[in-house]
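>>> Please find the sequence and the predicted model below.
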Amino acid sequence: MLGAVEAGGTKFVCAVSKDGRTVEHREQFPTRSPEETLTTVFEYFEQHQVEAIGIGSFGPVDIKPTSASYGYIEETPKLDWRNFNLLGKMKNHFPGVKFAFTTDVNAAAYGEFKEGAGKEVSDLVYWTVGTGIGAGIILNGRLMQGYGHPEVGHILVKRHPDDDFIGVCPYHKDCLEGLASGPAIESRYGTSAKAIPESSSAWDIETYYLAQACMNVTLTVAPEKIILGGGVMHQSQMIPLIREKFEQLLAGYVKTPPLEHYITSIDLHDDAGVIGGFQLAKQL
């Protein structure tokens with residue numbers, strides 16, 4: 001049996017699978033203090049015995065296996081989780097279990113690559129647009145990482161002519177996450193993304209920034225597919241608007257696959273992270 005932990009800043013999801021594709025059982029609960037949260041995680045896997053667990057965690061995290069702090073959550077805004085040895089705690093409690101460890105967005109990207117919208121390609125970028133913005137990048141079938149993991153949610157973007165919002169990122173203000181995340185939308189308009197009508201000009205601004213994000217990864221890593229997920233992407237009109245603005249911004253400079261195949265929605269939805277965790281655990 002395979003296990004997965006999707007360790008999010010707002011909620012944790014624990015799940016198990018026999019084949020790495022089908023979720024046999026899952027449990028979701030709020031992210032509390034490390035001690036309270038891990039007590040629930042431990043109880044879950046004591047009831048559902050597994051041979052290997054794939055963990056995808058909120059971050060930033062140290063995912064370099066040779067690092068002394070491998071498996072730690074690092075300088076997160078969630079102060080009680082800062083410099084917390086998540087992987088070490090899991091290994092100590094389950095010494096007979098094998099573990100894979102990566103970021104939450106990398107796990108979701110890998111799930112889509114193996115069992116979702118990216119099954120037919122070897123290179124993709126998966127963007128999640130929600131409380132934060134992040135991306136998992138897969139090149140030649142492998143997650144891209146080096147000294148650390150990509151933090152492309154903080155790339156700088158050109159401002160929309162009609163947008164004078166200062167931005168919500170405490171580090172960069174007008175980076176992609178600062179201007180286009182769920183909290184940015186709520187702070188700018190005083191309401192959540194799901195409450196904004198499809199006809200609102202808010203989506204013209206939002207998709208302008210996300211189209212720039214798609215253009216930037218097209219020009220830097222040249223993936224075969226770009227997949228977008230996360231809570232903000234639940235708006236059905238967004239993908240067509242992103243494709244339209246992407247085409248305008250790219251201006252024919254490089255070739256891409258047809259846009260209806262190149263820029264797409266997520267397939268696995270709420271299960272992308274845990275299926276990615278299963279698939280990473282399966283390789284151990």
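Everything's here; your move. Keep in mind it's a predicted model, so treat the numbers as computed, not measured. Numbering: from 1, shown residues only.

>>> Tell me the secondary structure of residue 148, please.
Taking DSSP: H, G, I helix; E, B strand; the rest coil as the rule, one finds residue 148 in the coil state.

>>> Identify the residues contacting it.
Contact analysis of residue 148 by C-beta atoms under 8 Å, 6 or more residues apart in numbering lists 60, 62, 63, 64. Placement of C-beta: from N, CA and C, glycine included.

>>> Roughly how far does the last one sit from residue 101?
If I follow you right, that is residue 64. Per C-beta to C-beta, to the nearest Å, residue 64 is found 10 Å from residue 101.

>>> joint contacts of those two?
The contact lists of residue 64 and residue 101 share residue 70, where a contact means C-beta under 8 Å, 6+ apart.

>>> The two: who's more crowded?
residue 101 (26 against 15; other C-beta atoms under 10 Å).

>>> Tell me how many other residues crowd residue 194.
That count, for residue 194 with other C-beta under 10 Å as the rule, works out to 11.

>>> nearest spatial neighbour of residue 45, skipping sequence neighbours?
Nearest residue to residue 45, sequence neighbours excluded (C-beta to C-beta, 6 or more residues apart in numbering): residue 3, at 6.0 Å.

>>> ditto for residue 137
The nearest residue in space to residue 137 (C-beta to C-beta, 6+ apart) is residue 144, at 4.1 Å.

>>> Who are the contact partners of that neighbour?
Contact analysis of residue 144 by C-beta under 8 Å, 6+ apart lists 137, 138, 150, 221.

>>> from those residues, which is closest to residue 108?
If you rank the contacts of residue 144 by distance to residue 108 using C-beta to C-beta, residue 138 comes first, at 11.1 Å.

>>> Let me know the secondary structure of that closest one.
The local conformation at residue 138, judged by three-state DSSP, is strand.

>>> Other residues contacting the helix ranked longest in the chain?
If you go by DSSP state H, the chain has its longest helix at helix 202-220. Outside helix 202-220, the residues within contact range by C-beta under 8 Å, 6+ apart are 125, 127, 129, 133, 135, 137, 152, 155, 157-158, 160, 162-163, 176, 179-180, 185, 188-189, 196, 223, 226, 228, 232, 235, 237-238, 241-246, 248-250, 253-254, 256, 263.

>>> Now which of these would you call buried?
125, 127, 129, 133, 135, 137, 152, 155, 157, 160, 163, 176, 179-180, 185, 188, 196, 223, 226, 228, 232, 235, 238, 241-243, 245-246, 249-250, 256, 263 (16 or more other C-beta atoms under 10 Å).

>>> Contacts only, for residue 171.
Per C-beta under 8 Å, 6+ apart, neighbours of residue 171: residue 154.

>>> And it, how far from residue 149?
Taken as C-beta to C-beta, the span from residue 171 to residue 149 is 16 Å.

>>> Please apply the same query to residue 272.
With C-beta to C-beta as the criterion, residue 272 and residue 149 are 17 Å apart.

>>> And the residue nearest to residue 137, its phi and psi?
phi -80, psi 120 (degrees, to the nearest 10).

>>> Just the C-alpha atoms of the longest helix of the chain, please, in CSV.
What follows is helix 202-220, C-alpha atoms only, in CSV (Å, rounded to 0.1, in the frame of the first residue of the first chain):
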residue,chain,number,x,y,z
ALA,A,202,-11.1,41.9,-12.9
TRP,A,203,-10.5,38.8,-15.1
ASP,A,204,-9.0,40.9,-17.8
ILE,A,205,-6.3,42.0,-15.3
GLU,A,206,-5.9,38.6,-13.7
THR,A,207,-5.5,36.7,-17.0
TYR,A,208,-3.0,39.4,-18.2
TYR,A,209,-0.7,38.5,-15.4
LEU,A,210,-1.2,34.7,-15.8
ALA,A,211,-0.6,35.0,-19.6
GLN,A,212,2.7,36.6,-18.8
ALA,A,213,3.6,33.8,-16.5
CYS,A,214,2.8,31.3,-19.3
MET,A,215,4.9,33.3,-21.7
ASN,A,216,7.9,33.5,-19.3
VAL,A,217,8.0,29.7,-18.9
THR,A,218,7.5,29.2,-22.6
LEU,A,219,10.6,31.3,-23.3
THR,A,220,12.7,29.9,-20.5
